[in-house]
Structures are given as C-alpha cells and as structure tokens.
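# Here is my input; please provide its structure:
(2 chains)
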2 protein chains.
Amino acid sequence: MATIRDVAKLACVSVATVSRVINKTGYVHADTRHKVEAAVKQLNYTPNEVARSLYKRKSRLIGLLLPDITNPYFPQLARGVEDEMQKNDFRIIFGNSDENHRKEQEYIQTFIQNNVVGVISSTNDPNSDTYSKLKIPVVFLDRTSTDSPSVYSDGREGGRIAAREMISRGSKRITVMQGPVHIRPAQDRFQGALEVLEENKISYNVIQTTSFSFAEAELWAKELFDKHLDTDGIIASNDIVATAVLHEAHRLGRRVPDDVQIIGFDDIPLSALLSPSLSTIHQPAYEMGRQAAGLLIKLIQEGFVEHRNIQFPVHFIERDTTRKVEHHG
Amino acid sequence: MATIRDVAKLACVSVATVSRVINKTGYVHADTRHKVEAAVKQLNYTPNEVARSLYKRKSRLIGLLLPDITNPYFPQLARGVEDEMQKNDFRIIFGNSDENHRKEQEYIQTFIQNNVVGVISSTNDPNSDTYSKLKIPVVFLDRTSTDSPSVYSDGREGGRIAAREMISRGSKRITVMQGPVHIRPAQDRFQGALEVLEENKISYNVIQTTSFSFAEAELWAKELFDKHLDTDGIIASNDIVATAVLHEAHRLGRRVPDDVQIIGFDDIPLSALLSPSLSTIHQPAYEMGRQAAGLLIKLIQEGFVEHRNIQFPVHFIERDTTRKVEHHG
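Coordinates of the predicted model:
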C-alpha cells in the first residue's frame, strides 16, 4: 500500500505539501496541487484516517449508543442514523447500553478515546455528567430534552390518540400498560392516555411493566388478564407488549377486536403481519434517526443549529385489533 | 484533560518512559513504574486510543458488516458479536451493506482507514478480492465457507428437518419457499428440504423469493396462495416470510395448522408471540455472533486458531403452526 512518502517522492514535493493538498489546509500552488493529485491517483493512495485524525484532530467517526438493538424498534433508528452518516461519509462506532449506567459511561469513554467527533445517544439520563462534560456535540435520540439537542416523537399526544381511539371505538373498561418508569417517552405516552381517560370519565386499570423485553412481555400479558379478565380495551406500552397481549388474548379464547381491542405503540415492521394485524401509534423511527444524524453533522461542521429540538408528530395506524367506526376523529 | 506530558512532568520522567509503562513495552525500573502509575491515577489520565494505535500500530476497533440490521435476525447476531467484543475491550465500527457490493467495499475500505484490527462480515461473496486482499483477520458470520474462518449453522440439515416434520405431521401437498438464490445459507435450507421431499416421494411446489424484506414477504405470501390454494404445508425461507404466510392464510380463512401447516426458519424472538405461535427451525444467532467474535479475537491476538470453521447444529421448535403427533422423530 502506498504511503504519503511515496506520493511525496513521486510528485517531487515534501510530505508536508502532500498533507496540505490532501487535507485542504494552507496554500499550495495549483501546479503543485495537480502534481500531487496525479501522484495520489497513480499510486492509488488512500490517506490513513487515524494519521489524518491526529493531524487534523478530526476523525470521521461518531459514536452511537442505543439501549438494545434486539428490541425491534431500535434497528429502525440505527438504520436512519447510519444511512444519513454514510451519505455524509461518517462512520459509526456502535454500542448497546442495556440501560446500564456503568456500561453507558464505559462506551462514551471509549468513543472519546477513539476520537469520535460527535455522539448520538438514547440515554435514560440526558442530564448526567457523562454528557455535560463532553467537549464534542451530542444529540439525544428518542429522548425528550428541551435543554440539549434532541430528536423525539410526541409521546404524550400518542398516548392521547390511543385513548381517544379506544373510547370512540366503544371500549369501556380500559387497561393501560405503564411502560418502564425510568424511560421518559414511555411515561409521556402513559400520561397522555390517562389524561384523555380522565377527561372522558372512563374507568381504567393500570398494569405496571418494568421493561420492553420479549420474555417479560409474556408475563405482563398474563398478569393483565389474571387481574382484569373483563377488560375490553388495552393500550400497550409498545408493539412487543401488544403482541404478547394479543397472543395471550387468543390463548384465553378472547376475540380480538370483538371482545377486546388492542393498540400498540411504535409501529415496528412486524406489526402489519400479525394476525389480526396490530392497530398502533406510528413513530417515524427511521426518519428520527436520519434527522438526529443530520443535526449532529450540522453541529460538527458548523458548531451551531437553529432548531435544537425536533419533535415528530405521531399518528394512529388503523389495522385489525380495533373495531371499525364510521365516523370518528 | 491530562495529557501524557502532564503525567511525565508530575512523575519527573520522560514521555517515552510514561509510554513504556502504559503500553507495557520495554524495561522500566519498578520504582519508576510506580511513580508513573501514581501520576496516571492522580491526574485521572486516559491514554488517547488513536495516539496509542499509531504508536503500537494496533487499535481496539473491529469492523462489523451485516446485510441489514432491520431484519430481526441480524440484531441477535450483532448483540452476540458486541457482547463478546465488549467483554474483551474491543469496540465495533458498524455498517449495513444492503447486499450491495459497492457499499460493502466502501465500508471495508473505511474500516481499514480507521485501523480496525479485524473484520466480521456477513457477505454474500466471501471469495471476493475485497477480503482476500486484506492484511488483517476476517471471520465470515452466517456465511458458509470452508476456506476462510467462518461461523454458520447447518442450513441443509435445517431444511431436512423442516421437510421431515411436515411429512410426519401429515402434509401431502407441500410448498417450499426458495430464499434468495445469492444467499448461500438460504439455498442450503432449500436444497435440504427438497432432498427429503424427493426421498419420500412427496409432491411439492416451489415459490421463488428474491429477498427477506417485510414489504415483499407479503407479496410472496399472496402469490403462494394464488398459485397453490390447496397447499397443506408451507416451508418458509425464514420467520418473516412465515409470518406473512400466516397472515395471508388467516385472511383467506384457511385454518392453521388444521388446513395448512407452516414452518419458519431462524426463530426470531417475535415468533413465539405470534398467534398461533410459529413452529420453526432454531438457529442460535446470538451464540453464533459470540463465537465469531471469539474466533476473531483469537486470530488477532494469536494469529492462529485450531478450528477455523464453526458449524452450529439447528433444531425444530414445535409451536402451534404445526399439528401435534404422538410419536415422531
């Protein structure tokens, strides 16, 4: 593989001149530049990114920290981030935090050690020292924060929509599954749903859940029907939990949506393929990832963005776990 | 943040000595080492990984290339790789190839530019120049290769098991969905299934599919029942396609498993939560990811592994899209 020295030799210039041409720093006469560019081409020279990042004190790496890529909601976010980064010639160092604070800190630290130029994080604690101490731009993704640059969807409105749809479709004994209390967007949805139920004086039960994991989703679903067998409408904390609830309803011989309606949250790709297909609140996860990447790139390149917070609207996806109504809104 | 110079100053030694202590290279007197270590501790000094990687010509970064993280099979693989790498203090630069050769090459090139010390790739073309030219270890994951270090599961046996289970549970007009022809493990499964069907002189149809995407899975499912409405057993190319087939069977009023049995492949987490839950062939994706990481780490650190190819067995997961039999095996 050709080195910068080989290029300098072939072009009959100094290594410093080659470096100035490659990094577009400092003045180089046009003729000299052409000679260097020709040598780069002839030798098929690729600058070593590590050496460049030391020289320029800038790499093209960013750090992406997600809670858990095996939750089907997060791959959509990750793809959005990656596609936008790839288009702009950035690369991603990736880690899962498992919502573990120590693991999160370790990842952030090694991101920095590898000279990332920015971080995108779906942390549960955007206000922690871990982030405020960083000297590089940070964008929070899928996390509500008004102080820091962040991209998220309108969870509260999502919860409100879910409750309104349940009510307008005739459910009277509604169960709301409260997502993990330490995850702010989950609590926003929960609060939104409760607001509408209370405004409409509809009775409801709450099932507390502490995670979004597949294994535990089945347990919450069982607990739900154990405690509230007569419930006729379930607002689930996300689509995985909703899928488990649907499964359990079938197992118990309860007809969906005739006996019990179910609404999920997220609109993961598999939701449309369930039987019956899952009515849910759509979050534009892929687009959220893209926008977070765009925001971070702007912060890296310009040091400034006009709109630091991007909140995406959510909307109801009517499928077959809710009953049809002729007019509603 | 403290630099190596600050450490040297505080310990009253040269920068070279600090470097020797930190990188454990060359002789340093015990007293001097203790002084340096105390200074590192007092200043809370963290070595810059990029500088270290230049100095030692080694980073702690590896490249991971997958086709598409939004296919629910791949996050399991990725988690296995990451958890093992994290335990061993390596970090991952991550990319999706979308099975696009140019994109794949670009990623591999930038991995190298960022001084990764190894690559794990789920490529469709393990024999391409892109890999044989690399001067760092490569492990192929979920890809069959006898020439290169690789970790995969026994797709052919998986196909054979699926066909045997279909036959022993009474299906007589079986449809086999042929996965994408350019994906070797998908073709192994397909061939395995066909072998058993032919050995047992069972009539079968084939539906050709060209991708594993959610959107297209619905189209293959529709085509399947359009062409072969009387089929009574479907061996799907993976769980996503099986989920779409199940959905379509319900839409057409065909009872599963009474009228038609369905067997998937992969055993993605959501399969257990479908209604009815999906019978499938289990691949240990997480464990495959872990083993690939272990193999790569060994190649990086020791330059040599005894077993270059790790093939995992697969097994049948009996759930509710297949009929019960009293004795079979």
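# Neighbours of residue A:42, how many?
Neighbouring residues of residue A:42 were enumerated by other Cβ atoms under 10 Å in any protein chain shown; the total is 13. Using the backbone N, CA and C atoms, a C-beta is placed for each residue, glycine as well.
# so it sits right up against residue A:10, yeah?
Yes. Counting by Cβ atoms under 8 Å, residue A:42 sits close enough to residue A:10 to count as a contact (6.7 Å).
# For chain B, what's its nearest residue on the stretch 51-200 of chain A.
Taking Cβ to the nearest Cβ, chain B has its nearest neighbour within the stretch 51-200 of chain A at residue A:113, 3.7 Å off.
# May I ask you to confirm that that residue is in contact with residue B:47?
Yes. With contact defined as Cβ under 8 Å, residue A:113 reaches residue B:47; the gap is 7.3 Å.
# sorry, back to before: pLDDT score for the residue of the stretch 51-200 of chain A closest to chain B?
Per-residue confidence for residue A:113 comes out at a pLDDT of 89.
# for residue A:51, same thing?
On pLDDT, residue A:51 comes in at 58.
# quick one: the strands in the stretch 51-200 of chain A?
Remark: strands assigned in the stretch 51-200 of chain A by DSSP state E, counting those that start in this stretch are A:61-66, A:91-96, A:119-121, A:138-141, A:150-153, A:173-178.
# How about the stretch 201-329 of chain A?
For the stretch 201-329 of chain A, the strands identified by DSSP E, counting those that start in this stretch occupy A:203-208, A:233-235, A:261-266, A:279-282, A:309-312, A:315-317, in order along the chain.
# Dump those strands to JSON lines, plus mean pLDDT, distance to residue B:59 and mean neighbour count.
Converted to JSON lines, the strands of the stretch 201-329 of chain A look like this (pLDDT from 0 to 100; distance: least, Cβ to Cβ, whole Å; neighbours: other Cβ atoms under 10 Å in any protein chain shown):
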{"stretch": "strand A:203-208", "mean pLDDT": "96", "distance to residue B:59": "44", "mean neighbour count": "15"}
{"stretch": "strand A:233-235", "mean pLDDT": "98", "distance to residue B:59": "47", "mean neighbour count": "29"}
{"stretch": "strand A:261-266", "mean pLDDT": "98", "distance to residue B:59": "36", "mean neighbour count": "28"}
{"stretch": "strand A:279-282", "mean pLDDT": "98", "distance to residue B:59": "40", "mean neighbour count": "26"}
{"stretch": "strand A:309-312", "mean pLDDT": "94", "distance to residue B:59": "34", "mean neighbour count": "16"}
{"stretch": "strand A:315-317", "mean pLDDT": "98", "distance to residue B:59": "44", "mean neighbour count": "17"}
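# could you dump these to TSV with distance to chain B?
Putting the strands of the stretch 201-329 of chain A into TSV (distance: least, Cβ to the nearest Cβ, whole Å) gives the following:
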stretch	distance to chain B
strand A:203-208	17
strand A:233-235	15
strand A:261-266	11
strand A:279-282	14
strand A:309-312	18
strand A:315-317	14
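# could I get the ones you listed as CSV with distance to residue A:120?
Rendered in CSV, the data for those read as follows (distance: least, Cβ to Cβ, whole Å):
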stretch, distance to residue A:120
strand A:203-208, 30
strand A:233-235, 29
strand A:261-266, 19
strand A:279-282, 22
strand A:309-312, 13
strand A:315-317, 25
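# Residue A:60: which of those strands is closest?
The minimum distance between residue A:60 and these falls on strand A:309-312, with 23.4 Å, by Cβ to Cβ.
# For chain A, which residue occupies the most central location?
By Cα atoms, centre = their mean, the mean C-alpha position of chain A lies nearest to residue A:77, the distance being 3.9 Å.
# Pull the contacting residues for the closest residue in space to it that isn't next to it in sequence.
Once flanking residues are discounted, residue A:77 sits nearest to residue A:289: 4.2 Å by Cβ to Cβ, 6 or more residues apart in numbering or on different chains. For residue A:289, the contact set (Cβ atoms under 8 Å, 6 or more residues apart in numbering or on different chains) comprises A:76-84, A:141.
# I'd like to know how many residues surround the residue lying closest to residue A:96 once chain neighbours are set aside.
The spatially closest residue to residue A:96, leaving aside those adjacent along the chain, is residue A:68, at 5.3 Å (Cβ to Cβ, 6+ apart). Neighbourhood size, residue A:68 [other Cβ under 10 Å]: 17.
# that older thread, quick one: which two of the contacts of residue A:289 are the most distant?
Maximum distance among these (Cβ to Cβ): 14.1 Å, for A:83 and A:141.
# neighbour count winner among the two?
More crowded of residue A:83 and residue A:141, by other Cβ under 10 Å: residue A:141, with 29 against 16.
# Let me know whether the more buried one touches residue A:151 as I believe.
Yes. Counting by Cβ under 8 Å, residue A:141 sits close enough to residue A:151 to count as a contact (5.4 Å).
# quick one: the nearest residue in space to residue A:252 that is not next to it in sequence from chain B, how far?
Distances taken as Cβ to Cβ, 6+ apart place residue A:225 nearest to residue A:252, at 5.8 Å, with adjacent residues excluded. Computed as Cβ to the nearest Cβ, to the nearest Å, the residue A:225 to chain B distance reads 14 Å.
# how about residue A:225, what does it touch?
Residue A:225 makes contact with A:231, A:248-249, A:252, A:254, according to Cβ under 8 Å, 6+ apart.
# Report pLDDT for it.
On the pLDDT scale, residue A:225 is placed at 97.
# Report how many residues lie close to the residue of the stretch 51-200 of chain A closest to chain B.
The local packing count at residue A:113 equals 19, with neighbours defined by other Cβ under 10 Å.
# Next: the one 5 residues further on.
The number of residues packed near residue A:118 is 23, by other Cβ under 10 Å.
# Near chain B, which residues of the stretch 101-250 of chain A are found?
If contacts are counted using Cβ under 8 Å from any Cβ of the partner chain, the residues of the stretch 101-250 of chain A sitting beside chain B are A:103, A:107, A:109-115, A:214, A:217-218, A:240, A:243-244, A:246-247, A:250.
# that older thread, check the contacts of residue A:225 against residue A:282 and report the nearest one.
Nearest to residue A:282 among the contacts of residue A:225: residue A:249, at 22.1 Å, using Cβ to Cβ.
# And the closest one, how far from residue A:83?
The span separating residue A:249 from residue A:83 equals 37 Å under the rule Cβ to Cβ, to the nearest Å.
# do residue A:189 as well
Residue A:189 sits 27 Å away from residue A:83, taking Cβ to Cβ as the criterion.
# which among the contacts of residue A:289 end up buried?
A:76-84, A:141 (16 or more other Cβ atoms under 10 Å in any protein chain shown).
# got a list of what residue A:277 touches?
A:271, A:319-321, B:247.
# Let me know the closest of the residues you listed to residue A:168.
Each of the contacts of residue A:277 was scored against residue A:168 by Cβ to Cβ, and residue A:321 proved nearest at 14.9 Å.
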